[in-house]
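Q: build the 3D model from these lines:
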Amino acid sequence: MFRRASIFQSKTSCRLPPMIKVPQSHQDSGLTPDLTPLLDIIFIVMVFLMLTAAVKLESIDVNLPSSDSKVVSPVDKQSLTINILADEPHWAINGQRYLDWQNFTLALTEETKNSDKPVVIGADKTADIQHLVTLLAFLQEKGIKATQLLTDQPQ
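A: Residues are numbered from 1 along each chain as shown. From the prediction side, this is the model:
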């Protein structure tokens with residue numbers, strides 16, 4: 001009666017053309033690795049290490065409070081250092097003392113106006129805490145971000 005039609009007639013009727021053969025070169029130039037990504041990573045690591053190298057901070061000597069924290073980060077040379085001192089005058093910016101709060105705030109506003117330098121606060125451990133609170137309130141009011149607070153490592 002009816003013959004069943006097969007999709008696959010036979011193995012011989014459905015032959016694929018032979019593969020194209022590419023001649024092999026005797027020079028194995030494709031086996032040498034590309035060193036560009038390795039050089040990129042080495043360069044990035046070198047730049048990172050150069051930028052994060054510890055640099056001596058120029059500021060007034062103060063007795064810093066100690067911290068139990070194990071995290072220690074180096075201070076950037078291009079940072080703006082604010083010192084809170086125990087004796088009069090209580091305020092200093094990058095080692096320069098200011099006689100009163102008004103002169104200090106004017107100088108601090110001028111220093112941070114067109115600068116992206118991070119602000120580092122170094123307060124003497126015997127200084128009145130009210131001076132630190134006043135300074136932090138002023139920094140917050142002016143939108144100045146204090147990035148680091150200097151402390152001594154415990155012995």
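Q: what about the chain, any weak spots by pLDDT?
A: For the chain, the stretches with pLDDT under 70 are 1-17, 22-30, 54-77, 146-147, 151-155.
Q: hmm, try it at 80
A: For the chain, applying pLDDT under 80 flags the ranges 1-32, 53-79, 114-117, 125, 144-155.
Q: can you pull out the strands in it?
A: With DSSP state E as the criterion, the chain has strands at 80-84, 91-93, 96-98, 119-123, 146-149.
Q: mean neighbour count for the ones you listed - can I get that in TSV?
A: The way it works is simple: take the backbone N, C-alpha and C, and place the C-beta from them, glycine included. Putting those into TSV (neighbours: other Cβ atoms under 10 Å) gives the following:
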stretch	mean neighbour count
strand 80-84	21
strand 91-93	21
strand 96-98	14
strand 119-123	21
strand 146-149	16
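Q: the ones you listed: which one's closest to Val47?
A: strand 146-149 (20.5 Å; Cβ to Cβ).
Q: coming back round to it: got the strands of the chain as a markdown table, with distance to Lys113 columns?
A: Formatted as a markdown table, those follow (distance: least, Cβ to Cβ, whole Å):
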| stretch | distance to Lys113 |
| --- | --- |
| strand 80-84 | 11 |
| strand 91-93 | 13 |
| strand 96-98 | 17 |
| strand 119-123 | 13 |
| strand 146-149 | 16 |
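Q: quick one: which of those is nearest Ile42?
A: Evaluated over these, closeness to Ile42 peaks at strand 146-149, with 28.8 Å, by Cβ to Cβ.
Q: sorry, back to before: and the strands of the chain: which comes nearest Glu110?
A: strand 91-93 (9.6 Å).
Q: direction included, what does that closest one pair against?
A: According to DSSP bridges, strand 91-93 has the following sheet partners: strand 80-84 (antiparallel), strand 96-98 (antiparallel).
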